[in-house]
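Student: Everything below, folded, please.
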Amino acid sequence: MPAENMPKEPPLALFQRQWKLYRKVVDNNYLFHREAYAQLHRILADEGVRPFRFLDIACGDACATADALNGTRVGTIMGSISAKQR
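Tutor: As a prediction, this is how the structure comes out:
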């Protein structure tokens with residue numbers, strides 16, 4: 001990307017602004033996150049016959065992942081922590 005097209009605001013401010021938009025999308029279920037995570041929970045609860053490891057790529061604040069894994073046989077969870085939580 002050419003320098004003149006780069007965002008002018010600091011990276012953390014840009015992240016925080018975009019994070020608020022993302023939370024709005026998730027909180028209002030615009031992209032059907034609830035249904036997707038409900039299916040994930042069902043599969044892991046029904047088919048996870050022994051403790052399993054779960055890698056969450058781009059997990060954000062991991063709220064939906066935590067709910068989906070609740071009641072499953074998850075043994076280890078790995079994911080990144082957003083800059084907002086550090």
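Student: For Gln16, see how far away the residue at minimal distance from the centre of the chain is.
Tutor: Centroid-nearest residue in the chain, with C-alpha atoms, centre = their mean: Cys59, separated by 2.9 Å. Separation of Cys59 from Gln16 (C-beta to C-beta, to the nearest Å): 17 Å. Bear in mind the C-beta positions are built from the backbone N, C-alpha and C, glycine included.
Student: what's the residue nearest to the centre of the chain sitting at in phi/psi?
Tutor: When read as degrees, to the nearest 10, the backbone of Cys59 gives phi -80, psi -10.
Student: what pLDDT does it get?
Tutor: pLDDT recorded at Cys59 is 76.
Student: which residues sit in contact with it?
Tutor: Thr65, Gly79, Ser80 (C-beta atoms under 8 Å, 6 or more residues apart in numbering).
Student: How about Asn29?
Tutor: Asn29 makes contact with Glu35, according to C-beta under 8 Å, 6+ apart.
Student: count of residues packed around Asp56?
Tutor: Counted by other C-beta atoms under 10 Å, the residues lying close to Asp56 total 16.
Student: buried sites along stretch 41-53?
Tutor: Within stretch 41-53, the residues that count as buried by 16 or more other C-beta atoms under 10 Å are His41, Leu44.
Student: May I have the distance across that stretch, first residue to last?
Tutor: End-to-end distance for stretch 41-53: 14 Å, by C-alpha to C-alpha, to the nearest Å.
Student: Go ahead and measure how far it is from the middle of the chain.
Tutor: Stretch 41-53 sits 19 Å away from the centroid of its parent chain (C-alpha atoms, centre = their mean, to the nearest Å).
Student: quick one: low-confidence parts of the protein?
Tutor: 1, 3, 6-7, 81-86 (pLDDT under 70).
Student: For this protein, which segments are assigned as helices?
Tutor: With DSSP state H as the criterion, the chain has helices at 11-27, 33-47, 63-69.
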